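Asker: here's my sequence, what's the structure:
(chains A, B, C and D)
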Protein chains: 2
Amino acid sequence: MSVSQEEVQRRLDHFRDVCTRAGMKLTHQRTEIFREVAQTVDHPSAQIVFELVRKRIPAVSLDTVYRNLSLLNDLGLITTLGPPRESARFDANVISHHHFVCTQCGTARDFHNRGFDELRPPIEVESMGSVETTHVELRGLCLRCKKKAKKEA
Amino acid sequence: MSVSQEEVQRRLDHFRDVCTRAGMKLTHQRTEIFREVAQTVDHPSAQIVFELVRKRIPAVSLDTVYRNLSLLNDLGLITTLGPPRESARFDANVISHHHFVCTQCGTARDFHNRGFDELRPPIEVESMGSVETTHVELRGLCLRCKKKAKKEA
DNA sequence: ATGGATGCAAACCATTTGCAGTGTA
DNA sequence: TACACTGCAAATGGTTTGCATCCAT
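Answerer: Now for the predicted structure:
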């Protein structure tokens, strides 16, 4: 249930490589923050990462954790779950459906697709729990943002 | 790009039915809050719903909107986008993958599936924007929560 | 009439930011 | 040495809560 030593090492090497290339300094706290995320299969919140890192560096501050997670995300070294952080969004369409989410502006649009509704979960998921609903999220640029990006280029 | 009159009416009827059955009062603000969500294809945030409702009921308060959206969600009359609202979660696994999310405790687990990676977006999505990534989110009860639920029953 | 619902204000929690001091390259 | 990075503290933004009043049933 945890990431193999070799994989963690590989991720750390990649991390150092990308940071150096981007001109980012390899500070103690930055390395430990990345290590914690790299060696777990969970998806820890910033708060959890903070608590884990604090075991090794008692003086770290929560905002350093936030700053680094955000930076690591920008560098593509880690990703976040769910739509880009924003406020909760509601939907009166309770029938099974899926979403197209714009990674730029965050707008979401529904679409229906029988095939997506009936996706068969792979067997390995059985060891995680029982699946009740299936939800496909397609991410990309909406027409408006694509147009805007083209205009600015 | 908006919900048909008949569908809105159908949703409102259902809303009244469910509320009454659940012993909830059909207040003016509650009805208008539901109507706003029911008649749009967008996925408005609580703030947006607040602004829309305020046009008709200038004295509504934001917390009434929050309370009602949460209640409507509990009654299954509306749903929220993405994983149950909580703090952002990070992931050092940057390779394309999918998630199993427990609706009870919120824990998320990765899994890989070539078939899911290669899902073809339906044609109608082309009118929304260009798809860059595909992400399947399976929701259900994780083993631990299922065990706990059984024990409590 | 009466218990649930509302409005107000204050509390809360996750996340962000300004600033002065610190450590890496 | 210089500039990015850190810790601290205070600010912000979304959401929740306590309480007195109000209104749908």
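Asker: every contact and neighbour count from this point should use C-alpha atoms.
Answerer: OK.
Asker: partners of A:Val131 in the sheet?
Answerer: Beta bridges link A:Val131 to B:Gly140 when assigned by DSSP bridges.
Asker: can you check the one 5 residues further on too?
Answerer: With DSSP bridges applied, the residues forming beta bridges to A:Val136 are B:Val136.
Asker: tell me the contacts of it?
Answerer: Counting by Cα atoms under 8 Å, 6 or more residues apart in numbering or on different chains, A:Val136 touches A:His98, A:His99, A:Phe116, B:Thr134, B:His135, B:Val136, B:Glu137.
Asker: distance between the ends of stretch A:102-111?
Answerer: From its first residue to its last, stretch A:102-111 covers 14 Å (Cα to Cα, to the nearest Å).
Asker: any bit of that stretch sitting next to chain B?
Answerer: Yes: for stretch A:102-111 and chain B, the contact criterion (Cα under 8 Å from any Cα of the partner chain) is met by A:Cys102, A:Thr107, A:Ala108, A:Arg109, A:Asp110, A:Phe111.
Asker: look up phi and psi at the residue nearest to the spatial centre of chain A.
Answerer: Taking Cα atoms, centre = their mean, the centroid of chain A lies closest to A:Thr80, which sits 1.6 Å from it. Main-chain dihedrals, A:Thr80, degrees, to the nearest 10: phi -110, psi 160.
Asker: any chance you could map the strands in chain A?
Answerer: Counting by DSSP state E, one finds strands in chain A at the ranges A:79-80, A:90-91, A:98-102, A:108-111, A:129-142.
Asker: could you give the angle of the last one to strand B:129-142?
Answerer: Between the axes of strand A:129-142 and strand B:129-142, defined by axes from the mean of the first three to the mean of the last three Cα atoms, to 10 degrees, the angle is 160 degrees.
Asker: average pLDDT for strand A:129-142?
Answerer: Averaging pLDDT along strand A:129-142 yields 88.
Asker: buried ones in it, by neighbour count?
Answerer: A:Gly129, A:Ser130, A:Val131, A:Thr134, A:His135, A:Val136, A:Glu137, A:Leu138, A:Arg139, A:Gly140, A:Leu141, A:Cys142 (16 or more other Cα atoms under 10 Å in any protein chain shown).
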